[in-house]
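> I would like to see how this sequence folds:
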Amino acid sequence: MRDPPDYPGKVVPRLVTATASPYVLIGETLADVQAALPPGLKRADRTPADLPDVVEIWFAE
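Predicted structure coming up:
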């Protein structure tokens, strides 16, 4: 997500699992957080159902 209320001005990927997770990365740019993602993830295109704040979605393969 870009510029979320809890981290204004930042790009914040959040770990999403079957339950709520407090784990996030925090970066200044999308490139910063992409570089920090663990290997083996696959990027999926956004869908119309995604929240407007969602920039990208990554899944474990």
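> roughly how far apart are the residue lying closest to Thr29 once chain neighbours are set aside and Asp3?
The shortest distance from Thr29 to any non-neighbouring residue, by C-beta to C-beta, 6 or more residues apart in numbering, is to Val11 (6.1 Å). Yep, even glycine has a C-beta here, placed from its N, CA and C like the rest. Counting by C-beta to C-beta, to the nearest Å, the separation of Val11 from Asp3 is 8 Å.
> the more surrounded of these two?
Neighbour count, other C-beta atoms under 10 Å: between Val11 and Asp3, Val11 has more, with 21 against 12.
> residue contacts, the residue nearest to Thr29?
1-3, 26-30, 32-33, 55 (C-beta atoms under 8 Å, 6 or more residues apart in numbering).
> Quick one: those residues as a markdown table, columns for distance to Thr47 and secondary structure too.
As requested, the contacts of Val11 are exported to a markdown table (distance: C-beta to C-beta, whole Å; DSSP: H, G, I helix; E, B strand; the rest coil):
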| residue | distance to Thr47 | secondary structure |
| --- | --- | --- |
| Met1 | 15 | coil |
| Arg2 | 17 | strand |
| Asp3 | 21 | coil |
| Ile26 | 25 | coil |
| Gly27 | 24 | strand |
| Glu28 | 27 | coil |
| Thr29 | 24 | coil |
| Leu30 | 19 | helix |
| Asp32 | 25 | helix |
| Val33 | 20 | helix |
| Val55 | 13 | coil |
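> which of those tops the neighbour count?
Val33 (21 neighbours).
> Run through the bridge partners of the closest residue to that residue other than its chain neighbours.
Closest residue to Val33 apart from its sequence neighbours, by C-beta to C-beta, 6+ apart: Gly27 at 3.9 Å. Taking DSSP bridges as the rule, Gly27 bridges to Val11.
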